[in-house]
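Asks: My questions concern the predicted model and sequence given below.
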Amino acid sequence: MRKDPASSSGEGSKSPSWIDRRGFVFGAGMAGVALGAGLGRAYTQGAGASDYALRIAPHRLELAQGKIIDTFAYNGAVPGPVLRFREGQQINIDIRNDTDIDDIVHWHGLYLPAEADGAMEEGSPMVERGGTLRYSFTAKPSGTRWYHSHDVAGKDLTRSLYAGLYGFLIVDPANDPGRYDQEILLAAHHWEPRWVSMQDIRKGPPPDNGLEVLYASASFNDKMLGHGEPIRVREGQRVLFRLLNASATENVTVALSGHRLTILALDGNPVPSRRSIDAVFLAPSERADVVVEMNRPGAWIFGSVKDDDRKMGLGVVVEYADERGEPQWQAPPNSAWDYTIFGEERPVPTPDQRLELLFEKVPGGRGGYNRWTLNGRSWPATNPLLTTEAGKRYRLAMTNKSGDNHPVHLHRHTFEVTKVGDKATAGVMKDTINMTRFSSVEIDFVADDPGPALLHCHHQDHQDEGFMGLVTYL
Ligand SMILES: [Cu+2]
């Protein structure tokens, strides 16, 4: 029997070599290759840019010894291969679909034409079952992006983002001032989903609420906490973590016991105010680039601040050189999240137009499925949500009149967070913003990428049940 994940000793700790990259500056694809070769595959991946082919196929994922998940994956790995490009690089990616349904791959956070974006709602073609499709686009903007299935899952909890169909896509800037000793990529995901009437487990939303998805296991990358290789560090190192929440529906808040995390970028975009905090909140599809000064020797758990999530596997051991003790978990002193602390106080340009958006739930009742509306309508009756003129600035004033979280994502554009609740802010650039229950936010974007752009909740179930609309151009 394996040990309780919460008290794992991080087996395999005697294996490979240390990497010491003080002063290391990201190069082109080479840097990723070198990192990938030196670090255990449990927590990092070869980031070579030479592989421009993805194959969607069934995959048996061993989350832990004896814990097999039958899912789908890209190139037989979860997450899929790291796709790493230089900003401005022309890319051709061939996608082969060896599954029994048509699928589609979305390049999340990139500026590219609607036909290449990987969203059928914008007119991108599906990759037919048994077929191959080439995607061609220019890699921009720089930052931590990702790719994932944008198919409809509906009631089928084996498909789209419930499966292992996601991976990092990193666009390195032409000039990167980064200075890190190690770079670690961690993608959180929840596994073994099932539909549950919350009334049945006495967790209680109102009796008119419909089915929700609950999970039995979770992981960073392809392993549950306590299984696979630890992340090996040395005192004095600066480690860059690129964190991604690739879960279909679950928020995560993660912390590295005993350490502070300095936020460099949110959704891949540098923040105006780099703050050191105790814990990072990520709604589905959000990313954070964080740097940690390794200054507390020991063996520590980097994982969810929620005990239940860590028990399900959401975490990884971080082990200093010559430390072989039991990994420790220390709850962070403060795990509250506020986007605005990473912004700055200054006025933002007045938008050319403001659009109010109200998000509401149509409860499905016990055993039924909830539906979602934007200003009273569900996809596709939501269209067009907003018709823009190229070059103009638009403000979306969004109100969440429901007891659920909604990570709202806008395709092919970056928006500026200008208000969270009553608090004005500026300079935080994102492609997804989480709306907590019964909350309001305002985001501004410039219509600078003509063609239809999907705005939707990144909660797979909400998206599938009507929470989508198209921003279009005149
Ligand atoms: Cu939602």
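Replies: Perfect, I can see it now. In this text, all values refer to a predicted model and were calculated from it rather than measured experimentally.
Asks: gap between the spatially closest residue to residue 341 that is not a sequence neighbour and residue 338?
Replies: The shortest distance from residue 341 to any non-neighbouring residue, by Cβ to Cβ, 6 or more residues apart in numbering, is to residue 275 (5.4 Å). Using the backbone N, CA and C atoms, a C-beta is placed for each residue, glycine as well. Counting by Cβ to Cβ, to the nearest Å, the gap from residue 275 to residue 338 is 10 Å.
Asks: one step back: what residues are up against the residue nearest to residue 341?
Replies: Shown in contact with residue 275 (Cβ atoms under 8 Å, 6 or more residues apart in numbering): 262, 263, 341, 342.
Asks: For residue 259, grab the count of nearby residues.
Replies: Burial measure for residue 259: 20 neighbouring residues, criterion other Cβ atoms under 10 Å.
Asks: For the spatially closest residue to it that is not a sequence neighbour, list the residues it contacts.
Replies: Excluding the flanking residues, the one nearest residue 259 by Cβ to Cβ, 6+ apart is residue 292, at 5.2 Å. Each residue near residue 292 by Cβ under 8 Å, 6+ apart is listed here: 238, 239, 241, 256, 259, 260, 261, 262.
Asks: Could you do residue 335 as well?
Replies: Shown in contact with residue 335 (Cβ under 8 Å, 6+ apart): 253, 255, 278, 279, 281, 305.
Asks: hang on, the third one packs against residue 332?
Replies: Yes - using Cβ atoms under 8 Å, residue 278 is in contact with residue 332, at 3.5 Å.
Asks: what sits in contact with each of the two?
Replies: Jointly contacting residue 278 and residue 332 under the rule Cβ under 8 Å, 6+ apart are residue 255.
Asks: does residue 372 have beta-bridge partners, and which?
Replies: Applying DSSP bridges to residue 372 gives these bridge partners: residue 361.
Asks: Begin at 33 from now on, thanks
Replies: Sure, I'll start numbering at 33, so the last one becomes residue 404.
Asks: Who does residue 201 form a beta bridge with?
Replies: Beta-bridge pairing for residue 201 (DSSP bridges): residue 115, residue 177.
Asks: any idea how far it lies from residue 183?
Replies: Taken as Cβ to Cβ, the span from residue 201 to residue 183 is 18 Å.
Asks: Repeat that for residue 381.
Replies: 37 Å.
Asks: which of these two has more neighbours?
Replies: Using other Cβ under 10 Å as the criterion, residue 381 and residue 183 rank with residue 183 on top: 26 against 12.
Asks: wait, what's in contact with the more buried one?
Replies: By Cβ under 8 Å, 6+ apart, residue 183 lies in contact with 133, 134, 135, 136, 158, 191, 192.
Asks: ChimeraX command for the buried members of the residues you listed?
Replies: Of the contacts of residue 183, the buried ones can be selected in ChimeraX as follows, counting by 16 or more other Cβ atoms under 10 Å:
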select :135,136,158,191,192
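Asks: can you list the contacts of residue 183 in a markdown table and add distance to residue 230, secondary structure and pLDDT?
Replies: Shown next, in a markdown table, are the contacts of residue 183 (distance: Cβ to Cβ, whole Å; DSSP: H, G, I helix; E, B strand; the rest coil; pLDDT from 0 to 100):
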| residue | distance to residue 230 | secondary structure | pLDDT |
| --- | --- | --- | --- |
| 133 | 29 | coil | 95 |
| 134 | 33 | coil | 97 |
| 135 | 30 | strand | 97 |
| 136 | 31 | coil | 97 |
| 158 | 34 | coil | 96 |
| 191 | 23 | coil | 95 |
| 192 | 22 | helix | 96 |
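Asks: Restrict the contacts of residue 183 to those that also contact the ion, please.
Replies: Counting by Cβ under 5 Å from the ion, nothing from these sits close to the ion.
Asks: which intervals of the stretch 233-382 of the chain have sub-threshold pLDDT?
Replies: Scanning the stretch 233-382 of the chain for pLDDT under 70 picks out 234-237.
Asks: Please, where are all the strands along it?
Replies: Secondary structure of the stretch 233-382 of the chain, counting by DSSP state E, counting those that start in this stretch: strands at 243-246, 249-252, 263-265, 270-277, 284-288, 293-298, 301-302, 308-309, 312-314, 319-325, 331-336, 347-352.
Asks: Mind giving me the packing neighbours of the third one?
Replies: The criterion is 3 or more Cβ pairs under 8 Å, 6 or more residues apart in numbering; DSSP states H and E, and the helices and strands that strand 263-265 contacts are strand 347-352.
Asks: The longest one too?
Replies: Contacts defined by 3+ Cβ pairs under 8 Å, 6+ apart place strand 270-277 against strand 175-181, strand 198-204, strand 214-223, strand 312-314, strand 319-325.
Asks: partners of the next helix-or-strand element following the longest one, with directions?
Replies: The C-terminal neighbour of strand 214-223 among helices and strands, as given by DSSP states H and E, is strand 226-229. Its sheet considered, strand 226-229 pairs with strand 243-246 (antiparallel) by DSSP bridges.
Asks: buried set for the strand it pairs with?
Replies: In terms of neighbour count (16+ other Cβ under 10 Å), strand 243-246 has its buried residues at 243, 244, 245, 246.
Asks: quick one: the first one and residue 402 touch, right?
Replies: Yes - counting by Cβ under 8 Å, residue 243 touches residue 402, with 7.5 Å between them.
Asks: residues shared between the contacts of those two?
Replies: residue 396.
Asks: Tabulate the contacts of residue 307 in TSV, adding columns for distance to residue 427 and neighbour count.
Replies: Output for those, formatted as TSV (distance: Cβ to Cβ, whole Å; neighbours: other Cβ atoms under 10 Å):
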residue	distance to residue 427	neighbour count
294	30	15
295	25	20
373	22	15
374	20	23
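Asks: from the residues you listed, which two are the most distant?
Replies: 294 and 373 (12.3 Å; Cβ to Cβ).
Asks: Which neighbours do the two have in common?
Replies: Contact criterion Cβ under 8 Å, 6+ apart; residues shared by residue 294 and residue 373: 307, 309.
Asks: for residue 220, what are its contacts?
Replies: Residue 220 neighbours (Cβ under 8 Å, 6+ apart): 250-252, 275-279, 284, 286, 314, 336, 346.
Asks: hmm, try it at 7 Å
Replies: 250, 252, 276, 277, 278, 279, 284, 346 (Cβ atoms under 7 Å, 6 or more residues apart in numbering).
Asks: what's around the second one, how many residues?
Replies: It refers to residue 252. For residue 252, the neighbour count with other Cβ under 10 Å is 29.
Asks: Next, give phi and psi for the closest residue to the ion within the stretch 133-282 of the chain.
Replies: Among the residues of the stretch 133-282 of the chain, residue 281 lies nearest to the ion; the distance is 8.4 Å by Cβ to the ion. Backbone torsions of residue 281, given as degrees, to the nearest 10, read phi -140, psi -10.
Asks: From residue 244, how far off is it?
Replies: Distance from residue 281 to residue 244, by Cβ to Cβ: 8 Å.
Asks: so residue 455 bridges to which residues?
Replies: Under the criterion used (DSSP bridges), residue 455 bridges to residue 452.
Asks: okay, now it: neighbour count?
Replies: By other Cβ under 10 Å, the residues close to residue 455 number 13.
Asks: Which parts of this structure belong to which domain?
Replies: Annotated domains of the chain cover 53-204, 214-369, 385-505 [automatic domain parsing].
Asks: What is the end-to-end distance of the second one?
Replies: Counting by Cα to Cα, to the nearest Å, you get 26 Å between the two ends of domain 214-369.
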